[in-house]
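> what's the 3D shape of this:
(one chain, ligands or ions: 2)
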Amino acid sequence: MVLFEEPPKNFDINNWKLTILFNENRYELSYEDIMKLPQSTISRRMVCVCNWSIRRTWSGTYLKELFKYLNIKPKKGMYLKQESIGNADKASYDTTVKLDDALANDAMIIHSADGKPLTLEQGFPLRFYNFHLLAYKSVKGLKALEITDKYELGYWEKKAGYDIGGIVRKKKYYFVDLNTRKFIANEGEIKDM
Ligand SMILES: Nc1nc2c(c(=O)[nH]1)N[C@H]1C(S)=C(S)[C@@H](COP(=O)(O)O)O[C@H]1N2
Ligand SMILES: [Mo]
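Residues are numbered from 1 along each chain as shown. Ligands and ions are numbered 1, 2, ... in the order given. This is a model prediction of the structure:
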């Protein structure tokens, strides 16, 4: 059984735009527009709900830079809903995160990993990432970001029985890139490994 959504078929980047919804406003950015935003490249660790982790070098734009560019000033206590492109025959993948937390933890919209554009499997053209949270809170093949006052479990998250918060927990993880297992004694982004 395919538990999650597969990458879109016959994907054409020329027909893609990232939609951002804030209050009554709708913004649309093409891949070209995204590549013109302030760029950052940084090595950060992703952690999977299945207790493994990998450090990669990610390139993209900080969420706060995107908001600055669009002149979006959300009030405190809002949420950010991410939605994927999806397939014609399948529901898209969606998840909602706390917006203040995403901004405070330097969440990014990412187009490249280790110097190469993401593959469709990795989330081409764009992937949201809050490294403070487990990978299931990060949507691949991003289509829309919506600033909302609703905090709800995503369709697949609900099916899988995942927790709505998704914070990286104090736990023993397997660090694939280091080929080592280690107990991590604090919550959130793993910075010291
Ligand atoms: N579009 C989309 N994004 C998604 C998913 C998905 O099925 N579709 N799965 C989520 C889940 S459950 C996980 S664990 C991670 C997996 O990320 P990876 O493929 O980079 O390991 O992506 C998340 N983002
Ligand atoms: Mo997952």
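> burial of residue 167, as a residue count?
When neighbours are defined as other Cβ atoms under 10 Å, residue 167 has 17 of them. Any C-beta I mention is one placed from the backbone N, CA and C, and that applies to glycine too.
> Test for you: state the pLDDT assigned to residue 7.
Note for residue 7: predicted pLDDT of 71.
> what's the weakest-modelled helix or strand in the protein?
Sorted by mean pLDDT, DSSP states H and E, the helices and strands of the chain end with helix 155-160, the least confident at a mean of 92.
> Check the offset of the longest helix seen in the chain from the chain's centre.
For the chain, the longest helix by residue count, based on DSSP state H, is helix 63-70. The chain centre lies 15 Å from the centre of helix 63-70; the measure is Cα atoms, centre = their mean, to the nearest Å.
> Quick one: residues in contact with it.
Here helix 63-70 makes contact (Cβ atoms under 8 Å, 6 or more residues apart in numbering) with 20, 22, 27, 37-38, 40, 72-74, 80, 102-103, 106-109, 128.
> Name the residues of it that come out as buried.
Using 16 or more other Cβ atoms under 10 Å as the test for burial, helix 63-70 gives 63, 64, 65, 66, 67.
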